[in-house]
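S.K.: turn this into a structure:
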Amino acid sequence: MGKVRLQDVASRAGVSMKTVSNVVHDYPHVSEAMRHRVQRAIDELGYRPNVLGRRLATGRTGLLALAFADVSLPYFSELARIVSAAAARRGYRLLLEQTDGTLEGERAVVSSSEAGLVDGVIFQPSVMSSTEIAQHRNDVPLVLLGEGPAPVTVDHVMIDNAAAAAAATTHLLNLGRRRIGFLGHEEQRTSATSKQRLRGYQHALEEAGLTPDLDLLLPSKAVTSADAVVAVSSALDRGLHFDGLVCRDDLAAIGALRALQERGLGVPDDVAVTGWDNISMTSFTHPTLTTIAPDTLSLAETALDLLEERINGHDGMGRHRIVDFTLLARESAPGLPAVLVS
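M.R.: From the prediction side, this is the model:
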């Protein structure tokens, strides 16, 4: 069967091509009966609108791109689902791009390759400098996510990572822990995310009158639970004592739970553990995981608000927005009820 055309759908439904176009573009004045009739013909024939044709007709494709380093990381896959659903409520479809955390991959996201294909891009960079991002083609609206430095000309949405790390560390301090380690930052090249979280961790210790101990910084070779197991096991092999762990992310925390269990150490009795991201599995670990939960719905909606304003012609300086996070106290570091922090 050849490519299905708009006129094929019109013929099957017994309506005009204009009516089919109105349904495809979701114009509100189309009756529900007519919309159902046309949609049934679209489904039967397998019609797919021509994106480039739509752009020529309306100046829009109805497509947005979401780009980040690694779709296999639970936080990013769960965030993609939330952004996709939020975009769909606004009438957009979402394209997912994985950059592999490489400079080449990130440059492709902000290059002219996106021009004409999508109406805008939401992008969480890992390695590109803010200077280089500022030089991207401004005919493709762009909103940044994450903790890296952002150009003053580009919109940016994030949580306050230093404040969140301080909240997690303070939570452990309030439980009476004094030998608190930080687990999971990169062994080779410390990311902007890890730097901010380490800064909040250090600040909370110093506010409590404690001097940060460099021996209690436990880096990982990679952002995986397996590497966190290695890091914690190696520290215990060296005879290092700690009674609390602030983990860079939930994957590191899950690795810590495994390593401590293998050594016969109880959580939270011997070591209290906090994670970061509130990925879905943290409610089902044993024990359940205390974690920093970014307000990902607010993150998605705020980014889409800013992006739509750019798509509709806003041409001002970059807007930088900080969304809330919650410290969810569960079994791995029980204490006060969940605390919302702005």
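S.K.: buried residues in stretch 135-142?
M.R.: H136, V140, P141, L142 (16 or more other C-beta atoms under 10 Å). Every residue, glycine included, has its C-beta placed from N, CA and C.
S.K.: what lies in contact with it?
M.R.: 110-112, 114-115, 118-123, 133, 154-155, 307, 310-311 (C-beta atoms under 8 Å, 6 or more residues apart in numbering).
S.K.: ok, now stretch 191-210?
M.R.: By C-beta under 8 Å, 6+ apart, the residues outside stretch 191-210 that reach it are 126, 146-149, 161-170, 173, 178, 180, 182, 184-186, 190, 211-212, 217, 246, 248, 276.
S.K.: how about the helices in this structure?
M.R.: Secondary structure of the chain (DSSP state H): helices at 6-13, 17-24, 32-45, 51-58, 74-89, 103-110, 130-134, 161-174, 192-207, 225-237, 250-262, 296-311.
S.K.: could you export those as JSON lines, including mean neighbour count?
M.R.: Converted to JSON lines, these look like this (neighbours: other C-beta atoms under 10 Å):
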{"stretch": "helix 6-13", "mean neighbour count": "18"}
{"stretch": "helix 17-24", "mean neighbour count": "18"}
{"stretch": "helix 32-45", "mean neighbour count": "15"}
{"stretch": "helix 51-58", "mean neighbour count": "13"}
{"stretch": "helix 74-89", "mean neighbour count": "17"}
{"stretch": "helix 103-110", "mean neighbour count": "18"}
{"stretch": "helix 130-134", "mean neighbour count": "16"}
{"stretch": "helix 161-174", "mean neighbour count": "22"}
{"stretch": "helix 192-207", "mean neighbour count": "19"}
{"stretch": "helix 225-237", "mean neighbour count": "19"}
{"stretch": "helix 250-262", "mean neighbour count": "23"}
{"stretch": "helix 296-311", "mean neighbour count": "20"}
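S.K.: okay, those helices in TSV with mean pLDDT and distance to H286 next?
M.R.: Formatted as TSV, the helices of the chain follow (pLDDT from 0 to 100; distance: least, C-beta to C-beta, whole Å):
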stretch	mean pLDDT	distance to H286
helix 6-13	87	54
helix 17-24	80	50
helix 32-45	88	45
helix 51-58	52	47
helix 74-89	95	18
helix 103-110	89	37
helix 130-134	90	42
helix 161-174	97	20
helix 192-207	96	25
helix 225-237	98	14
helix 250-262	98	8
helix 296-311	96	25
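S.K.: nearest to L66 among these would be which one?
M.R.: helix 74-89 (5.3 Å; C-beta to C-beta).
S.K.: my guess is S77 meets V71, correct?
M.R.: Yes - S77 lies in contact with V71 (C-beta atoms under 8 Å); the separation is 5.8 Å.
S.K.: re earlier: give me the buried entries from the contacts of stretch 135-142.
M.R.: Listed as buried from the contacts of stretch 135-142 are 110, 114, 118-123, 133, 154-155, 307, 310-311; burial here means 16+ other C-beta under 10 Å.
S.K.: returning to that earlier point: same list, the helices of the chain, but as TSV with distance to E331 please.
M.R.: TSV is the format used below for these (distance: least, C-beta to C-beta, whole Å):
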stretch	distance to E331
helix 6-13	55
helix 17-24	51
helix 32-45	48
helix 51-58	48
helix 74-89	20
helix 103-110	38
helix 130-134	40
helix 161-174	14
helix 192-207	22
helix 225-237	18
helix 250-262	10
helix 296-311	23
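S.K.: of those helices, which is nearest S332?
M.R.: helix 250-262 (7.0 Å).
S.K.: ok and the closest one relative to helix 225-237, angle-wise?
M.R.: If you take axes from the mean of the first three to the mean of the last three C-alpha atoms, to 10 degrees, helix 250-262 sits at 50 degrees to helix 225-237.
S.K.: can you give the contact residues for helix 250-262?
M.R.: So helix 250-262 is contacted by 73-75, 183-184, 220, 223-229, 231-233, 236, 245, 247, 266-267, 270-271, 273-279, 281-282, 285-287, 289, 291, 332 (C-beta under 8 Å, 6+ apart).
S.K.: now a ChimeraX select for only the buried ones of these.
M.R.: Command for ChimeraX that selects the buried part of those, burial taken from 16+ other C-beta under 10 Å:
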select :73,74,75,183,184,220,223,224,225,227,228,229,231,232,233,236,245,247,267,271,273,274,275,276,277,278,279,282,285,287,289,291,332
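S.K.: just the ones of the contacts of helix 250-262 in strands?
M.R.: Judged by DSSP state E, the subset of the contacts of helix 250-262 located in strands is L183, G184, S220, L245, C247, V273, T274, G275, W276, T291.
S.K.: just send those residues back as TSV, with distance to T99 too.
M.R.: Converted to TSV, those look like this (distance: C-beta to C-beta, whole Å):
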residue	distance to T99
L183	26
G184	21
S220	21
L245	30
C247	24
V273	30
T274	29
G275	25
W276	21
T291	26
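S.K.: what's the domain layout of this structure?
M.R.: 6-49, 63-158+296-322, 161-295+327-341 (automatic domain parsing).
S.K.: just give me how far the second one sits from the chain centre.
M.R.: Relative to its chain's centre, domain 63-158+296-322 lies at 10 Å (C-alpha atoms, centre = their mean, to the nearest Å).
S.K.: next: stretch 144-162.
M.R.: For stretch 144-162, the distance to the chain centre is 12 Å (C-alpha atoms, centre = their mean).
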